[in-house]
Every structure is written in C-alpha cells, then in structure tokens.
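Participant: turn this into a model:
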Amino acid sequence: MDVLIVDDEKSIRRVTSRALEAEGHYAEPAEDGARAMRRIKEAHFDLVLLDLRLADEDGMELLQKIVALKPSPLVVMFTAHASIASAVRAIQLGAFDYLEKPFTREEMRAILLRAQKYLNSRAEGSPLPQAVGTANPSGRGASPPLTFASADARTRGEFEVLFRAAPTSASILLLGESGTGKSVIAREIHARSHLRDQPFLTVSCPSLSKELLESALFGHLKGAFTGAVKDTWGKIHAADGGTLFLDEIGELPLEIQPKLLRVLQEREYERLGENQVRAANVRIIAASNRNLKACVEEGKFREDLYYRLNVISVTIPPLRQRPADLEHAANAFLAFFAGVSGRHIGGFSAAGRAALMRHAWPGNLRELRNAIERATILARGSLIEAEDLPAPVAPCACGDKPDLPRTPSIGGEHSLEEVEQAHVASVLNWAPSFHFAASILGIDKATLYRKRKRFGIRTTHA
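Facilitator: Here you go, the predicted model:
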C-alpha cells in the first residue's frame, strides 16, 4: 500500500517509515497537517497514519478533513496519548482503526493486514465480511468460544477459578505454554469483570528494550532520556480504572520489577524524570510461559513481586493434553476460515483427523489456528485431507516422523490397552527425552522400555 505518515516527531516518522518499507509498503512522511492535505490531494494514498497530537494542530480536526475528501484514504490514528474515549471518538469521526505508541511490528502488521483486506474487498465491489479484520476464532464473540468451554476436567476447573475471580479486583497470573490463549483469556476475564466498560491495555514485556518498556509502563517527562522530546503518559495512566495485561511478565527486567511491585502494593508510581507520586488505579493481569517459581529461585524474578502477582494463579494445560478440546477447536477454526474465505468444506477426512490427533501441537492453539487456516486455503475437495496440513502435522505425507497409532477419543469404543498405547506413543512423540517421557507418564524408564516394546512403538529416543 501507499502510506502517508503524519507526525510532528522526525524520529517517529523515520522509524515508522522503515517499518512500513520492511513490510513492502511505500511510506511518505509529512510533518504537519498542511503538507499532509496537500500530498493527499496531489497523490494517491491507501492509508494515512495520523498522530492524534501534532505540534499546533488537533489530529481529530485533520481526521475530519481527510475523511471528507472523495475518495478518501483509510485513516489510522496512532498516538502515545491513548484512551478509550479518544479511540471511540476517532472511530465515530471516520477513522478506520487506532494504534497506540509505542507499538510493536506485529501490532502494525495486524493493522496493515486489516486495511489491505478492507481495500481489496472494496475494490472488488463486495462488502467486507463482518468482523473479518478483528474476528479471532479463539476470542470473545466467536462461535463457538474455543478456550472457555472445555471437555477436559482440569481445564474446566482452571476456568472456573478464573471466572469466579473475574468480578473482583484481585491480581491474576496466567501460566502456560506459548499459544495456549492466555491473552484471549485475559480479555475474557476483563469482559466478565466490573471493569468491562473501562480500558483494557496490553504491554508485551519481551517486545521492547528496558528503557522503552519502562516508559511504556510509567510514562516520562520531556528530557528524561535521550529521545524524550515531549511529556508522555504510560499505559498505567491510559488504563486508569481498567485492566492492564502484562504479557510474558517473566521477561520483565529486574530493574523495573520494584516499580511494578510498588504499583501492586502501594497503588502508586512516578513517571520517568518526575518526582510527583501518582495513583495507579489499575487491575493487573499477568501471563508467562516460564516457570516463575524457578525464576525466583534462580534470582531472575523478585520473590515479593511473584507473590503479589500470584493471588489467583492458574496454569492452562497444553493442547496435547486435551484431545477432546483439540478436535472441538479444529472444527471451530475450520468453520470460521471456511466462512471467511467462502469455501464449502464440511470437515476432516479420516486421515486428516488422524493427523490432527497424532500431532503434539507444541505451538498449541496458535499453531492449530495457522494449520487450519492454511489447510482451508489449500484444500482441493470438500474435506481437509492429511496432505492439506503442514508437514509437521502430517508426518505420513513427508515421511520424516515415525508411524504412530491413531489417538482414540476418551470415552469412545476403545479398550484400556488401546488408550494406553495411544497415550504412551503420543507422549514419546513430543517429549524431548526418554527420561522426561517416563516422568510425565509417572513410571520408571525400565517400565517405559517394556511398554514401548510391547506396543511396538517406534521412536527416535534411545
């Protein structure tokens, strides 16, 4: 796309231009509203990234001038001064979307993808399918809700604890492997809480340097550090009265941890370069794919912060431990992507389903989502076949993994020996070592050797 960047900060224009060009788009900067309007009238732009606060101008006023043009480019407001009120007002005035500074490349990429989908559908003369841009099969509002209705007793118990705690102000810690849907669950907790009409903001701890992360959380004054050219509010201020979700909290630098502890314990903080103490009126939900208790023992995470975050803590089981949920999620993803792409696909063939149930899904729901989206696009017939799935999911198609028996469903017409054989084979397939597999199964290595020999399971483990 051709994108015009309207921002009064040269560094922001430069960094955003590089990010856009890295994604294959043409980027042109404009430092003020006058130049922006002149360039929009002189040349074609698909998208305008517009700062909410320009030096001596109101970004909202410029937004109205841009959307009044016929035809007008899509406008995405991007600013460090984020609030629900300003976002709603921008959308009401005609903005396509809203992006908070500092933003990650993934966040910008998602905005660009939504804009491209919309522009493509408009060019084809067809309306954009409802919520294609923002709909997420594993998110709130999707049907069926993949991560909140579980056939697994342990998972149901974890969700029950979470949603009982949702209406309170207690801090919540979500643990589990990457891709298990922790960010989606955090949004669901917020939606079920008394704060549902207040802001919900996310800070991704691994995506920013220590300095930028500290500024993103607490804000800063002009001159607080190199590049701080104006006063900035952080996400704690922007989320005032609402929920702040700290994703991958285990990556939070040790230097910042005492300041976060102060937010949780004293409900106060200070912006960088400022001595004024400010109230922190936010609920904290944190998530991590690390073993935080082990991080505490290794000195990588503060013990007092861990216990402050750990008021309500649950661990989301990985998808490989929930075969019934796996099948339900795969069917829901398929229905969603088939509807979005206009494909008439009725389900999975026997071979396709067997490949799904055989795979260990180390990437969990995220990996499953990508695999089903790919299969929906590549399927030649009315059913998803094994060869439509990525090679790691369908080892029979690529010949790079051992043959494994089809996983029986719990409660189906299978003997105990069949269930045991399938479970042992599945654990051996994904476990990094034979010793680890034995510990997961709760047996010693000698017993596991005998079971492997009896069931005729072929693995790469010694």
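Participant: how's this protein carved up into domains?
Facilitator: In terms of domains, the chain is parsed into 2-123, 153-315, 319-398, 416-455 (source: automatic domain parsing).
Participant: quick one, strands of the stretch 251-400 of the chain?
Facilitator: Here the stretch 251-400 of the chain has its strands, by DSSP state E, counting those that start in this stretch, at 268-269, 278-279, 283-288, 312-315, 347-348, 383-384.
Participant: so which residues of the stretch 51-200 of the chain form strands?
Facilitator: So, for the stretch 51-200 of the chain - with DSSP E, counting those that start in this stretch - the strands run 74-79, 97-100, 172-175, 200-204.
Participant: helix or strand with the lowest mean pLDDT in this protein?
Facilitator: helix 395-398 (a mean of 47; mean pLDDT, DSSP states H and E).
Participant: need the next SSE after that one, C-terminal direction.
Facilitator: Next along the chain after helix 395-398, taking DSSP states H and E as the criterion, comes helix 416-430.
Participant: and that next one, what does it pack onto?
Facilitator: Applying 3 or more CB pairs under 8 Å, 6 or more residues apart in numbering; DSSP states H and E, one finds that helix 416-430 contacts helix 434-441, helix 445-455. (Glycine included, C-beta is placed from N, CA and C.)
Participant: average pLDDT across the first one?
Facilitator: Model confidence over helix 434-441 averages 77 on the pLDDT scale.
Participant: tell me what that helix is packed against?
Facilitator: helix 416-430, helix 445-455.
Participant: out of these, flag the one nearest residue 152.
Facilitator: Closest to residue 152 of the helices and strands packed on helix 434-441 is helix 416-430 (CB to CB; 14.0 Å).
Participant: the spatially most central residue of the chain - nearest residue in space that isn't next to it in sequence?
Facilitator: When CA atoms, centre = their mean is applied to the chain, the residue found nearest the centroid is residue 183 (5.6 Å). Using CB to CB, 6 or more residues apart in numbering and skipping residues adjacent in sequence, the residue nearest residue 183 is residue 247, 6.0 Å away.
Participant: identify the bridge partners of the one you found.
Facilitator: For residue 247, the beta-bridge partners are residue 204 (DSSP bridges).
Participant: and it, how many neighbours?
Facilitator: 20 (other CB atoms under 10 Å).
Participant: relative to residue 17, how far out is it?
Facilitator: Distance of residue 247 to residue 17, given as CB to CB, to the nearest Å: 27 Å.
Participant: go on, residue 37?
Facilitator: Taking CB to CB, one finds residue 37 at 19 Å from residue 17.
Participant: which regions of the stretch 51-200 of the chain lie under the pLDDT threshold?
Facilitator: By pLDDT under 70, the low-scoring segments of the stretch 51-200 of the chain are 80-88, 120-147, 149.
Participant: tell me where it has helices.
Facilitator: 59-67, 84-92, 105-123, 153-165, 182-191 (DSSP state H, counting those that start in this stretch).
Participant: right, so of those helices, which gets closest to residue 351?
Facilitator: helix 153-165 (27.6 Å).
Participant: what sits up against that closest one?
Facilitator: Residues outside helix 153-165 that contact it (CB atoms under 8 Å, 6 or more residues apart in numbering): 148, 150, 172, 174, 185, 188-189, 192, 312, 314-317, 321-322, 325.
Participant: ok, which pair from these is furthest apart?
Facilitator: Taking CB to CB, no two of the contacts of helix 153-165 sit farther apart than 192 and 321, at 24.9 Å.
Participant: in TSV, list the strands of the stretch 51-200 of the chain along with distance to residue 356.
Facilitator: Shown next, in TSV, are the strands of the stretch 51-200 of the chain (distance: least, CB to CB, whole Å):
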stretch	distance to residue 356
strand 74-79	37
strand 97-100	34
strand 172-175	26
strand 200-204	30
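Participant: a markdown table for the ones you listed, including distance to residue 117 and mean neighbour count?
Facilitator: Shown next, in a markdown table, are the strands of the stretch 51-200 of the chain (distance: least, CB to CB, whole Å; neighbours: other CB atoms under 10 Å):
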| stretch | distance to residue 117 | mean neighbour count |
| --- | --- | --- |
| strand 74-79 | 11 | 24 |
| strand 97-100 | 12 | 19 |
| strand 172-175 | 30 | 24 |
| strand 200-204 | 22 | 20 |
